[in-house]
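Visitor: When you get a sec, could you give me coordinates for this:
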Amino acid sequence: MILRDAMSDSAVITTSSKHGVPIGERAASRWLHIVPWGIRKLANYIKDKYGNPPLIITENGVDDSNGPHTTIKKALQDHKRINFHRDYLSNLSAAIRQDKCDIRGYFVWSLLDNWEWNLGYTVRFGLYYVDFKNNLTRIPKSSVKWFKNVLASKRELSYKLP
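Guide: Coordinates of the predicted model:
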């Protein structure tokens, strides 16, 4: 009997380069690379290898640098995050519509800026800016407006950056 589970398939290659060439742009964190086509490829791999089980992407996101001189105004203009989610969701849409992958959900990582394990407050993942110096005030970033637009339209993943 051949086991078809995550443990028997754990010998995957987890590098961010191929033949010494990065496969995608690096995010603020050293370990995180932006490879939107990879999520479609992964969805198809799971479909083909495991019989197309229902999938829910429970965490997907990108971080921005948060240096001591980063202004709130600059932090709120998170165009890289918008492009990231637009590109990943476009690939997931193609996996669903064209490749017939059974993808049921997608959750953004993360709703709020928070403390990251090894990087503390030097990076920000949230859709909402948390002002750690001002009573933890939460301020929506540009990506919040973009997501509201996407969710309201239910079909259009494009959004013109302000």
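
Visitor: Would you mind pulling the contact partners of the helix or strand where Ile82 lies?
Guide: Assigning secondary structure by DSSP states H and E places Ile82 in helix 79-97. With contact meaning CB atoms under 8 Å, 6 or more residues apart in numbering, helix 79-97 is reached by 27, 34, 36-37, 39-40, 43-44, 57, 60-62, 64, 101-103, 106, 108, 127, 141-143, 146-147, 150, 157-159, 161. No exception for glycine: its C-beta is placed from N, CA and C like everyone else's.

Visitor: in that helix, what counts as buried?
Guide: Residues of helix 79-97 classed as buried: 80-92, 94-96 (neighbour count, 16 or more other CB atoms under 10 Å).

Visitor: Just the buried ones among the contacts of helix 79-97, please.
Guide: 27, 34, 36, 39-40, 43-44, 57, 61-62, 64, 101, 103, 106, 108, 127, 141-143, 146-147, 150, 157, 159.

Visitor: before we move on, the earlier item: starting from the helix holding Ile82, tell me the next helix or strand along the chain.
Guide: With DSSP H and E, the next secondary element past helix 79-97 is strand 103-108.

Visitor: So which elements touch the helix or strand that comes right after that next one?
Guide: Following strand 103-108 in sequence order, the next helix or strand is strand 123-124 (DSSP H and E). Packing contacts for strand 123-124, counted by 3 or more CB pairs under 8 Å, 6 or more residues apart in numbering; DSSP states H and E, involve strand 64-65.

Visitor: Name the residues of the next helix or strand after the strand it packs on that are buried.
Guide: Using DSSP H and E, the next helix or strand after strand 64-65 towards the C-terminus is helix 72-76. By 16+ other CB under 10 Å, the buried positions in helix 72-76 come out as Ala75.

Visitor: which residues touch helix 72-76?
Guide: So helix 72-76 is contacted by 64, 66, 124, 129, 131, 139-142 (CB under 8 Å, 6+ apart).

Visitor: Quick check: helices, which of the contacts of helix 79-97 are part of them?
Guide: Counting by DSSP state H, the part of the contacts of helix 79-97 found in helices is 36-37, 39-40, 43-44, 142-143, 146-147, 150.

Visitor: centroid residue for the chain?
Guide: Nearest residue to the geometric centre of the chain (CA atoms, centre = their mean): Gly61, 2.6 Å.

Visitor: Need the nearest residue in space to that one, chain neighbours excluded.
Guide: What sits nearest to Gly61 in space, not counting adjacent residues and going by CB to CB, 6 or more residues apart in numbering, is Trp109, at 3.3 Å.
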